[in-house]
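Asker: sequence first, then the predicted structure:
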Amino acid sequence: MHTIERLSAEEFDASVKDLAGLLVDAVDSGASVGFLAPFGHEEAAAWWRAQAPSVAEGGLLVWTSREEGVMTGTISLVLARKPNARHRAEIVKLMVHRDARGRGLSRALLATAERAALDAGADLLLLDTETGSLAENVYLTGGWTRYGIVPEYAGSPDGTLQDCSFFYKRLTASA
């Protein structure tokens with residue numbers, strides 16, 4: 001049984017090692033999450049530590065899932081700061097450890113972030129993912145609308161340029 005909890009700033013700092021492990025696993029398993037292989041634990045931890053100020057100020061909300069104390073997944077929500085954009089937010093870094101995939105955890109994490117976005121006053125969510133990836137299917141079957149594909153938008157972990165699909169989702173109180 002997975003438990004999903006939002007990390008406070010203090011919990012975030014204490015979780016950097018585990019978050020780094022998830023990020024390394026994602027890159028090692030071929031996920032296009034912004035990093036190139038080889039990608040080590042120290043580099044991943046440094047990236048997560050750089051997010052700490054945004055977590056502390058409340059602009060970046062981070063949830064983790066755990067099973068028997070082991071971190072199995074994470075998702076983050078970036079709240080818009082511009083006055084004319086406070087109705088929208090962005091889903092970033094949805095990652096599930098390869099050993100925990102196929103059990104609906106991505107959908108559970110996504111639903112958690114969607115509810116939190118509504119609670120924060122954001123009813124329009126955006127995200128992007130590699131076209132044709134397993135993650136894309138989660139969004140296509142989860143009520144998200146693909147509004148475009150950009151050819152060769154980002155490199156996969158091996159550096160090969162891949163197309164990227166951009167999605168949005170309008171949230172309602174029942175989300």
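Answerer: Cool, got the structure.

Asker: the lengthiest helix in the chain: which residues count as buried?
Answerer: Counting by DSSP state H, the longest helix found in the chain is helix 9-28. Residues 12, 15-16, 18-27 are the ones in helix 9-28 that count as buried (16 or more other CB atoms under 10 Å). From N, CA and C alone the C-beta is placed, and that goes for glycine too.

Asker: stretch 42-50 now?
Answerer: 44, 45, 47, 48.

Asker: widest-spaced pair of the buried residues of helix 9-28?
Answerer: Taking CB to CB as the measure, the buried residues of helix 9-28 span a maximum distance of 20.3 Å, between 12 and 27.

Asker: ok, residue 81 - contacts?
Answerer: By CB atoms under 8 Å, 6 or more residues apart in numbering, the contact set of residue 81 is residue 59.

Asker: cool, residue 135 as well?
Answerer: Applying CB under 8 Å, 6+ apart, the residues near residue 135 are 31, 94, 106, 129.

Asker: helices along this protein, start to end?
Answerer: Under DSSP H, the chain gives helices at 9-28, 41-50, 52-57, 105-119, 134-140.

Asker: and residue 63, what is it in contact with?
Answerer: 4, 5, 6, 7, 74, 75, 76, 109, 112, 113, 116.

Asker: no no, residue 23
Answerer: Counted by CB under 8 Å, 6+ apart, residue 23 has contacts 33, 35, 39, 44, 47, 48, 93, 95.

Asker: can you tell me which of the buried residues of helix 9-28 is nearest residue 80?
Answerer: So of those, ranked by how close each gets to residue 80 (CB to CB), first place is residue 12, at 20.3 Å.
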